[in-house]
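Chemist: Quick one, structure for this:
(2 chains)
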2 protein chains.
Amino acid sequence: MLTEKFDNLVKQLRVLPGVGQKTAQRMALHLLNGRRGQGSALAQALDIAMHEIIECRQCHSFSDDDICPICVDPRRDDSVLCVVETAADVMAIEQAAGYRGRYFVLGGHLSPLDGINADDLNIDQLVNRVKTAPVDEIILATSTTVEGQTTAHFIAEAVRRHVGKVTRIAQGIPMGGELEYLDSMTLSQALQNRS
Amino acid sequence: MLTEKFDNLVKQLRVLPGVGQKTAQRMALHLLNGRRGQGSALAQALDIAMHEIIECRQCHSFSDDDICPICVDPRRDDSVLCVVETAADVMAIEQAAGYRGRYFVLGGHLSPLDGINADDLNIDQLVNRVKTAPVDEIILATSTTVEGQTTAHFIAEAVRRHVGKVTRIAQGIPMGGELEYLDSMTLSQALQNRS
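Modeler: Numbers count the residues shown, from 1 in each chain, chains lettered A, B, ... in the order given. Predicted coordinates for the structure are as follows:
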């Protein structure tokens, strides 16, 4: 609308989730109006991240190096392995704090309808890992969607022979939740899982 | 939280307006998960825009070249000049369509409390422009805030000797507006400005 380079910036900004034409224009103008240094720093950080962030060889989360900081950290507990779908899940659990074991990222969940089968996830690598470096417990922390549940069952079967204890992250009423506003699926699950 | 390069990307993304920690994380993960080509294209567009978009020498809007596409366009009407506060205003008017004259960007509005005086805006350049290249009409399209109104009055005084007709963009009920929900300032202004 203004100039070719401006229009191209707006177009490229729209690749960001939740950013439409109007928001992209506002972002572009915001940076051009006296925040060009910050805009250049963002461009550089983006370029570095896109080219240099790789997959950790051990846990398949995102990493700057061959092995990620969590896998390298000697203070973490080698005997517990938390299996999650994506690197975003690792981040969520790390932010919640309290967990001091290791992670393993599957790279998604089983979803035959979308053509995602066991071969497309890092399930073989997971089985190999627990064979070569035994753990006491595997925590299955996949989503509680249908696909996440299926994936958890599938992995439980695959690793059961190699691991003593296979647990599933608890499914019940979220903290601060009021029973009367909760959906019936969660409620019946929570009653079933009472401890 | 994940790695140094990831954290830096999240930090830099937060410079965008309306983007907090959570949104920045979501954006970074969105790009890293299979949209790295688009992320690199965004980095490049940003870098080019921040370094190569300059101010049009004639209208002070954003431009790729010395003179912007609107100032260069021979089909536009040289006899009308629309004075706005920012390049964003040029874009808004262009998107509304219908206006075929030229623009002049002040670079803000008068605001003595914030230390923005006439010298900080392109007012001298505007007066010089209408002296050297006379126009039939100047449309004052600054905001209808207190600062915008003050700026409009100030410019009207400054250019009155050099321009035959100085008009102000209409102030009244917005299109599709229902009277009963309108604020009383706008309503009384609209009654006063009846035509």
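Chemist: and residue A:1, what pLDDT?
Modeler: pLDDT for residue A:1: 67.
Chemist: And for residue A:155?
Modeler: Reading off the model, residue A:155 has pLDDT 95.
Chemist: Where does it sit, in terms of helix or strand?
Modeler: helix A:146-159 (DSSP states H and E).
Chemist: ditto for residue A:65
Modeler: Going by DSSP H and E, residue A:65 is not part of any helix or strand.
Chemist: Can you tell me the number of residues neighbouring it?
Modeler: Residues lying near residue A:65 (other Cβ atoms under 10 Å in any protein chain shown) number 14. Every residue, glycine included, has its C-beta placed from N, CA and C.
Chemist: cool, and residue A:94?
Modeler: Neighbour count for residue A:94, taken as other Cβ under 10 Å: 14.
Chemist: Return the distance of it relative to chain B.
Modeler: For residue A:94, the distance to chain B (Cβ to the nearest Cβ, to the nearest Å) stands at 6 Å.
Chemist: Quick check: what element follows whatever helix or strand that residue lives in along the chain?
Modeler: Using DSSP H and E, the element containing residue A:94 is helix A:87-96. Proceeding N to C from helix A:87-96, the next assigned helix or strand is strand A:101-105, under DSSP H and E.
Chemist: Show the low-confidence segments of chain A, by residue range.
Modeler: Filtered on pLDDT under 70, chain A yields the residue ranges A:1.
Chemist: quick one, helices of it?
Modeler: A:4-13, A:21-32, A:36-52, A:69-72, A:87-96, A:123-132, A:146-159, A:184-192 (DSSP state H).
Chemist: List the buried residues of the first one.
Modeler: Burial within helix A:4-13, assessed by neighbour count using 16 or more other Cβ atoms under 10 Å in any protein chain shown, is assigned to A:5, A:6, A:8, A:9, A:10, A:12, A:13.
Chemist: near chain B, from these?
Modeler: Cross-checking the buried residues of helix A:4-13 against chain B (Cβ under 8 Å from any Cβ of the partner chain) gives A:5, A:6, A:8, A:9, A:12, A:13 as the overlapping residues.
Chemist: how close does residue A:159 get to residue A:47?
Modeler: Between residue A:159 and residue A:47 the computed distance is 39 Å (Cβ to Cβ, to the nearest Å).
Chemist: Could you list which residues are in contact with residue A:35?
Modeler: residue B:15 (Cβ atoms under 8 Å, 6 or more residues apart in numbering or on different chains).
Chemist: What of residue A:118?
Modeler: A:110, A:154.
Chemist: Domain parsing of chain A, as residue ranges.
Modeler: A:4-52, A:75-168 (automatic domain parsing).
Chemist: Isn't residue A:162 up against residue A:133?
Modeler: No - using Cβ atoms under 8 Å as the test, residue A:162 is too far from residue A:133 to be in contact (10.4 Å).
Chemist: In terms of neighbours, single out the busier of those two.
Modeler: Neighbour count, other Cβ under 10 Å: between residue A:162 and residue A:133, residue A:162 has more, with 17 against 11.
Chemist: burial count for residue A:86?
Modeler: Residues lying near residue A:86 (other Cβ under 10 Å) number 20.
Chemist: can you tell which of the helices of chain A is closest to residue B:86?
Modeler: Closest approach to residue B:86 among the helices of chain A (Cβ to Cβ): helix A:21-32, 7.6 Å.
Chemist: quick one: residue A:143 from chain B, how far?
Modeler: Applying Cβ to the nearest Cβ to residue A:143 and chain B gives a distance of 15 Å.
Chemist: Now for that residue: which residues touch it?
Modeler: A:85, A:109.
Chemist: circling back to that earlier point, which of residue A:159 and residue A:47 has more residues huddled nearby?
Modeler: residue A:159 (21 against 18).
Chemist: how near is the more buried one to residue A:124?
Modeler: For residue A:159, the distance to residue A:124 - Cβ to Cβ - is 11 Å.
Chemist: any idea which of the domains of chain A is most buried?
Modeler: Mean neighbours per residue, mean count of other Cβ atoms under 10 Å in any protein chain shown, is largest over the domains of chain A for domain A:4-52, with a mean of 18.
Chemist: distance between the ends of that domain?
Modeler: End-to-end distance of domain A:4-52 (Cα to Cα, to the nearest Å): 29 Å.
Chemist: Relative to the whole chain's centre, how far out is it?
Modeler: Relative to its chain's centre, domain A:4-52 lies at 25 Å (Cα atoms, centre = their mean, to the nearest Å).
Chemist: now stretch A:59-67
Modeler: 13 Å.
Chemist: CA atoms of it as PDB?
Modeler: Output of stretch A:59-67 as PDB, limited to C-alpha atoms (Å, rounded to 0.1, in the frame of the first residue of the first chain):
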ATOM      1  CA  CYS A  59      15.700 -36.000  23.400                       C
ATOM      2  CA  HIS A  60      14.600 -34.500  20.000                       C
ATOM      3  CA  SER A  61      13.700 -31.200  21.600                       C
ATOM      4  CA  PHE A  62      15.000 -27.900  20.100                       C
ATOM      5  CA  SER A  63      18.700 -27.200  20.800                       C
ATOM      6  CA  ASP A  64      21.500 -24.900  19.800                       C
ATOM      7  CA  ASP A  65      24.000 -27.700  20.000                       C
ATOM      8  CA  ASP A  66      24.100 -31.400  19.200                       C
ATOM      9  CA  ILE A  67      22.800 -32.100  22.700                       C
END
